[in-house]
Each structure stands twice: as structure tokens, then as C-alpha cells.
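Visitor: Give the three-dimensional model of this entry:
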Amino acid sequence: MFYLQNTPLGKVLNSQEIELLSQHALLKEYIQGETIINQGEASSGMYIISQGSALETAKILGVGSENLKTLRTGSLIGEITIIDKC
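Guide: Here you go, the predicted structure:
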């Protein structure tokens with residue numbers, strides 16, 4: 001998975017570590033507007049945006065849903081799950 005090398009994570013991993021991560025990775029496509037992870041729910045893994053972008057939103061009490069930032073190619077989602085499991 002060549003795109004891993006161009007992510008922040010890929011820049012700190014060596015080629016063997018990238019290969020190991022690639023062996024456990026799955027490619028999944030999402031359609032526009034589809035939810036990847038819900039706020040407050042445990043993630044089943046880490047996601048890397050290999051193409052396109054994703055909107056990060058938060059539900060704020062009394063306000064509703066608010067856009068926080070746009071995640072672009074190479075961005076990581078759910079990486080805290082991996083760190084917490086170590």
C-alpha cells in the first residue's frame with residue numbers, strides 16, 4: 001500500500017513496518033456523507049484517508065453538530081484506538 005508512505009505515520013515507520021501494517025490493512029470506500037466513526041464510540045481500528053477528504057464533526061450540547069476540520073489524503077482517523085491498545 002504505497003499511500004502509507006505519504007502519511008504522517010508512514011514518515012516515521014521504516015519499510016518493514018509499513019509492509020507489516022499493509023498486511024493488516026483493508027481498503028474500504030465510503031460514499032459522500034457516510035459516517036466512518038461516531039463520536040464517543042470505540043473504533044475497530046485506524047483509518048487512513050488514501051484519496052479524497054472527510055469532514056470531522058462534533059456534537060455539541062445545546063448547539064448541535066459543528067464542523068471541526070476537513071481531513072485530507074494522508075490524514076489518520078481513530079489512531080488513538082491503536083495507541084490505547086498498546
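Visitor: Show me the shaky parts of this protein.
Guide: 1-3, 82, 85-86 (pLDDT under 70).
Visitor: From the centroid of it, which residue is nearest?
Guide: In the chain, the centroid-proximal residue (C-alpha atoms, centre = their mean) is Ile77; its distance is 2.3 Å.
Visitor: Which residue is the nearest non-sequential neighbour of that one?
Guide: Nearest residue to Ile77, sequence neighbours excluded (C-beta to C-beta, 6 or more residues apart in numbering): Tyr47, at 4.1 Å. Using the backbone N, CA and C atoms, a C-beta is placed for each residue, glycine as well.
Visitor: and that neighbour, how many neighbours?
Guide: 21 (other C-beta atoms under 10 Å).
Visitor: Over to Ser75?
Guide: So Ser75, with other C-beta under 10 Å, has 18 neighbours.
Visitor: was I right about it contacting Met46?
Guide: No: under the criterion of C-beta atoms under 8 Å, Ser75 is not in contact with Met46, lying 11.0 Å apart.
Visitor: I'd like the next helix or strand past the strand or helix carrying Ala58.
Guide: Assigning secondary structure by DSSP states H and E places Ala58 in strand 53-60. With elements assigned by DSSP H and E, the helix or strand that comes after strand 53-60 is strand 64-72.
Visitor: List the buried residues of that following strand.
Guide: By 16 or more other C-beta atoms under 10 Å, the buried positions in strand 64-72 come out as Leu71.
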